[in-house]
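1. After the sequence you'll find the predicted model.
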Amino acid sequence: MRVESVFDRLEPLLPRVSKPVQYVGGELNATVKAWDDVAVRWCLMYPDAYEVGLPNQGVQILYEILNEQPDVLAERTYSVWPDLEALMREHGIPQFTVDAHRPVGAFDVLGISFATELGYTNLLSALDLAGIPLHAVDRTDDHPIVLAGGHAAFNPEPIADFLDAAVLGDGEEAVLEITEAIRRWKAEGRPGGRDELLLRLASSGGVYVPKFYDVSYRPDGAIDQVVPNHERVPYRVFKRTTMELDDWPYPKQPLVPLAESVHERMSVEIFRGCTRGCRFCQAGMITRPVRERSIEGIGEMVQRGLAATGFEEVGLLSLSSADHSEIAEITKGLADRYEGTNTGLSLPSTRVDAFNIDLANELSRNGRRSGLTFAPEGGSERIRRVINKMVSEEDLIRTVSAAFAGGWRQVKLYFMCGLPTETDDDVLQIAEMAKEVIRAGRQATGRKDIRCTISIGGFVPKPHTPFQWASQTDPDTIDDRLRKLRQEINSDRGLGRNIGMRYHDGKPSLIEGLLSRGDRRIGRVIERVWRDGGRFDGWNEYFSFERWVSCAAAELVPLGVDVDWFTTRERGEGEVLPWDHLDSGLDKEWLWADWQDALDAREQDDCRWTPCFDCGVCPTMGTDIEIGPTGRKLLPISPVGQGAPVRNPAFTNG
């Protein structure tokens with residue numbers, strides 16, 4: 001089959017759009033294979049702009065794993081900005097990949113990684129531009145399998161009409177198994193057509209195919225039941241868990257963007273999963289158990305990635321990177337190895353109780369000393385007990401005092417507004433915490449140029465968390481509390497002028513909540529918003545709350561439900577939730593018990609260091625927590641500092 005590049009038609013249009021370089025392709029470490037030399041062809045999509053999508057670790061990992069297979073190719077596509085979308089429609093140019101500019105509709109699989117639900121309208125744009133029918137029921141054997149993954153795929157019901165399939169959890173092994181199923185089906189002559197392929201995927205128990213499940217509703221609008229409609233399909237679909245991270249050292253050749261991107265660094269995932277038990281955190285709940293990458297594996301990935309990319313910053317990524325059992329040895333070993341170079345290390349937002357000044361000094365030894373970021377999440381100690389964020393204000397002040405004394409001058413603090421049981425006073429205490437940070441910094445340094453920035457987002461209850469039953473706070477209440485917080489900060493000008501405040505209004509959060517906990521009835525809302533011009537809903541300049549509300553009213557009210565029914569309504573224990581047939585490993589009874597503990601402001605321990613508290617993941621998934629310490633150390637390699645090639649990595653037992 002001859003599939004040609006659309007670049008000759010695309011190129012004349014690029015001078016007419018913003019940031020045309022994002023559509024050109026040819027990045028360092030990109031892969032282009034001959035179309036006719038392979039049996040299975042994947043198109044991987046991150047449904048946002050190139051600058052956001054290219055650094056995404058999940059897409060890069062799968063892109064490289066698939067392209068390592070000799071008879072498989074994988075290419076990438078991202079959402080095109082509205083200016084190019086209009087020109088593509090005018091000139092008949094389909095959605096294309098950036099690697100070889102091939103039409104997306106020609107691939108066997110279109111795999112979309114959803115980090116947030118606000119990318120759903122971008123999915124519809126890509127499908128329509130690709131010439132793929134929006135509704136899965138209208139597709140033929142000639143159309144790609146539209147497959148969703150990522151955190152939002154743990155409740156794919158709002159986009160079930162548009163999906164052929166979804167994978168819950170880790171994708172490394174899943175994409176290879178799906179590839180093998182497609183390879184075999186094609187080699188056999190495509191017996192039974194598209195439905196037979198989907199049945200083969202669904203019968204494995206690790207791929208969710210919405211069309212094989214029927215949903216019925218009760219008169220009050222709640223779900224009555226979700227049941228399979230085919231004998232080969234299981235009642236529950238299980239998440240995938242990749243256990244031995246050292247066996248999957250990807251990406252080995254990270255992509256280097258041509259255009260500016262949100263993360264200009266080479267990243268290594270140092271462990272996966274989290275057992276801190278923050279009740280608001282879907283990522284922490286659905287990625288259990290904790291699986292650490294070894295110190296040797298991390299060192300090899302950093303060495304190889306820097307050599308392959310030329311980046312000067314290494315991000316040591318995880319949900320709570322300072323919790324790695326050997327983080328001190330990792331950071332010191334890497335700082336020693338790259339002493340005298342411009343290679344800096346960074347961690348994402350650090351827990352207050354996992355931070356120490358030695359760790360911070362190692363991170364900044366070879367790079368620039370930037371501000372420190374912590375996430376108390378809640379302003380009062382009571383609300384932090386509710387959300388199980390086991391950090392006291394004394395811990396925070398002690399930590400920032402040490403940091404300021406060590407030479408830092410600015411701190412950023414992350415909070416949420418609209419948490420369950422929250423009151424105005426819980427939010428106003430954020431102001432006092434920020435002021436205490438400024439006072440502590442001035443006392444520790446004797447200087448007046450200490451800065452504290454507080455960043456606040458609206459809380460969105462998520463599936464597979466203890467807060468999945470909670471009512472979401474309405475936008476007016478959130479905005480009112482944030483106005484009062486601003487006034488409280490400014491009430492003391494001597495301190496307030498050193499405190500910056502960044503926040504998002506509550507309206508996008510409410511729509512995210514609608515999409516997060518919605519069921520299949522929300523699909524018609526998404527489609528109506530898209531047909532009304534909805535695009536890039538995660539971007540303030542494109543998001544329209546009024547459009548979402550009006551479209552939701554038009555589609556949902558005739559069904560007897562509305563936006564508030566999906567968002568600000570608290571659920572009961574016995575209610576069937578839209579994702580109950582999708583198993584994250586967490587026991588629903590345990591989640592409910594933890595929700596009751598939250599309402600009573602009772603904390604739950606981290607099971608990495610305490611006896612198991614029966615959340616259900618390890619026995620259900622056949623997994624276990626994998627952590628060190630190993631006692632091994634990472635030795636420096638000479639002569640890295642002189643820019644010579646890095647050879648023969650050396651490790652030793654401690």
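-> Structure received. In this text, all values refer to a predicted model and were calculated from it rather than measured experimentally.
2. Strands of the stretch 551-654 of the chain, residue ranges please.
-> 582-583, 632-634, 651-653 (DSSP state E, counting those that start in this stretch).
3. now for this protein, which residue lies nearest the mean position of the chain?
-> residue 115 (3.8 Å; CA atoms, centre = their mean).
4. Just the pLDDT for the nearest residue to that residue once chain neighbours are set aside.
-> Ranked by CB to CB, 6 or more residues apart in numbering and with sequence neighbours excluded, the top spatial neighbour of residue 115 is residue 150, at 5.4 Å. Yep, even glycine has a C-beta here, placed from its N, CA and C like the rest. You'll see residue 150 listed with a pLDDT of 95.
5. Settle this for me: residue 150 is touching residue 56, isn't it.
-> No. Using CB atoms under 8 Å, residue 150 is not in contact with residue 56; the gap is 9.0 Å.
6. returning to what we had before: quick check: the residue nearest to residue 115 vs residue 175, distance?
-> In this view, residue 150 and residue 175 are 13 Å apart by CB to CB, to the nearest Å.
7. before we move on, the earlier item: let me see the backbone angles for the residue nearest to the centre of the chain.
-> Backbone torsions of residue 115, given as degrees, to the nearest 10, read phi -90, psi -30.
8. how many other residues sit next to residue 191?
-> 9 (other CB atoms under 10 Å).
9. The stretch 551-654 of the chain: helices as residue ranges?
-> Using DSSP state H, counting those that start in this stretch, the helices assigned to the stretch 551-654 of the chain run over residues 563-566, 588-599, 617-621.
10. Reformat the ones you listed as JSON lines; add distance to residue 12 and mean neighbour count.
-> Putting the helices of the stretch 551-654 of the chain into JSON lines (distance: least, CB to CB, whole Å; neighbours: other CB atoms under 10 Å) gives the following:
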{"stretch": "helix 563-566", "distance to residue 12": "44", "mean neighbour count": "19"}
{"stretch": "helix 588-599", "distance to residue 12": "55", "mean neighbour count": "16"}
{"stretch": "helix 617-621", "distance to residue 12": "52", "mean neighbour count": "18"}
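11. quick one: furthest residue from the center of the protein?
-> residue 446 (40.5 Å).
12. Name the spans of the stretch 551-654 of the chain whose pLDDT lies under the cut-off.
-> Applying pLDDT under 70 to the stretch 551-654 of the chain flags the ranges 635-654.
13. separation between the residue farthest from the centre of the chain and residue 440?
-> For residue 446 relative to residue 440 (CB to CB), the value is 12 Å.
14. And for residue 85?
-> From residue 85 to residue 440 the distance is 50 Å (CB to CB).
15. again with residue 524
-> For residue 524 relative to residue 440 (CB to CB), the value is 53 Å.
16. Have a look at these two and say which one is more surrounded.
-> For the pair residue 524 and residue 440, the greater number of neighbours falls to residue 440 (23 against 17), based on other CB under 10 Å.
17. ok, residue 150 and residue 175, which is more surrounded?
-> Of the pair residue 150 and residue 175, residue 175 is the one with more neighbours under other CB under 10 Å, namely 26 against 23.
18. helices or strands next to the helix or strand harbouring the more buried one in the packing?
-> Using DSSP states H and E, residue 175 maps to helix 172-187. Counting contacts by 3 or more CB pairs under 8 Å, 6 or more residues apart in numbering; DSSP states H and E, helix 172-187 packs against strand 40-46, helix 57-67, strand 109-113, strand 145-149, helix 193-203.
19. helices and strands of the chain: which one has the lowest mean pLDDT?
-> Within the chain, no helix or strand scores below strand 651-653, which has a mean of 31 by mean pLDDT, DSSP states H and E.
20. Can you show me the helices along the stretch 301-450 of the chain?
-> 327-337, 357-364, 381-386, 393-405, 424-445.
21. out of those helices, nearest to residue 461?
-> Residue 461 lies closest, by CB to CB, to one member of the helices of the stretch 301-450 of the chain: helix 381-386, at 13.0 Å.
22. Need the CA coordinates for that closest one. CSV is fine.
-> Written as CSV, here are the backbone C-alpha positions of helix 381-386 (Å, rounded to 0.1, in the frame of the first residue of the first chain):
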residue,chain,number,x,y,z
GLU,A,381,-3.3,21.5,59.8
ARG,A,382,-6.9,20.2,60.0
ILE,A,383,-7.4,20.3,56.2
ARG,A,384,-4.0,18.6,55.7
ARG,A,385,-5.2,15.8,57.9
VAL,A,386,-8.3,15.5,55.8
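23. in it, what counts as buried?
-> 381, 383, 384, 385, 386 (16 or more other CB atoms under 10 Å).
24. re earlier: quick one: the helices of the stretch 301-450 of the chain as JSON lines, columns for mean pLDDT and distance to residue 512 too.
-> Listed next are the helices of the stretch 301-450 of the chain as JSON lines, based on pLDDT from 0 to 100; distance: least, CB to CB, whole Å:
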{"stretch": "helix 327-337", "mean pLDDT": "90", "distance to residue 512": "32"}
{"stretch": "helix 357-364", "mean pLDDT": "77", "distance to residue 512": "32"}
{"stretch": "helix 381-386", "mean pLDDT": "96", "distance to residue 512": "21"}
{"stretch": "helix 393-405", "mean pLDDT": "87", "distance to residue 512": "28"}
{"stretch": "helix 424-445", "mean pLDDT": "95", "distance to residue 512": "20"}
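25. Would you reformat the ones you listed as TSV and include distance to residue 126?
-> Shown next, in TSV, are the helices of the stretch 301-450 of the chain (distance: least, CB to CB, whole Å):
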stretch	distance to residue 126
helix 327-337	39
helix 357-364	38
helix 381-386	39
helix 393-405	43
helix 424-445	39
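26. Of all the ones you listed, which one comes closest to residue 504?
-> helix 424-445 (14.5 Å).
27. Please save the CA atoms from that closest one in PDB.
-> Written as PDB, here are the backbone C-alpha positions of helix 424-445 (Å, rounded to 0.1, in the frame of the first residue of the first chain):
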ATOM      1  CA  ASP A 424     -12.900  30.000  54.500                       C
ATOM      2  CA  ASP A 425     -10.500  29.800  57.500                       C
ATOM      3  CA  ASP A 426      -8.600  26.800  56.100                       C
ATOM      4  CA  VAL A 427      -7.800  28.900  53.000                       C
ATOM      5  CA  LEU A 428      -7.000  32.100  54.900                       C
ATOM      6  CA  GLN A 429      -4.400  30.200  56.900                       C
ATOM      7  CA  ILE A 430      -2.400  30.000  53.600                       C
ATOM      8  CA  ALA A 431      -1.700  33.700  54.000                       C
ATOM      9  CA  GLU A 432      -0.300  33.200  57.500                       C
ATOM     10  CA  MET A 433       1.800  30.300  56.400                       C
ATOM     11  CA  ALA A 434       3.300  32.400  53.600                       C
ATOM     12  CA  LYS A 435       4.000  35.300  55.900                       C
ATOM     13  CA  GLU A 436       5.700  32.900  58.300                       C
ATOM     14  CA  VAL A 437       7.900  31.800  55.500                       C
ATOM     15  CA  ILE A 438       9.000  35.400  54.800                       C
ATOM     16  CA  ARG A 439       9.600  36.000  58.500                       C
ATOM     17  CA  ALA A 440      11.700  32.800  58.800                       C
ATOM     18  CA  GLY A 441      13.700  33.800  55.700                       C
ATOM     19  CA  ARG A 442      14.400  37.300  57.000                       C
ATOM     20  CA  GLN A 443      15.500  35.900  60.300                       C
ATOM     21  CA  ALA A 444      17.700  33.200  58.800                       C
ATOM     22  CA  THR A 445      19.500  35.600  56.400                       C
END
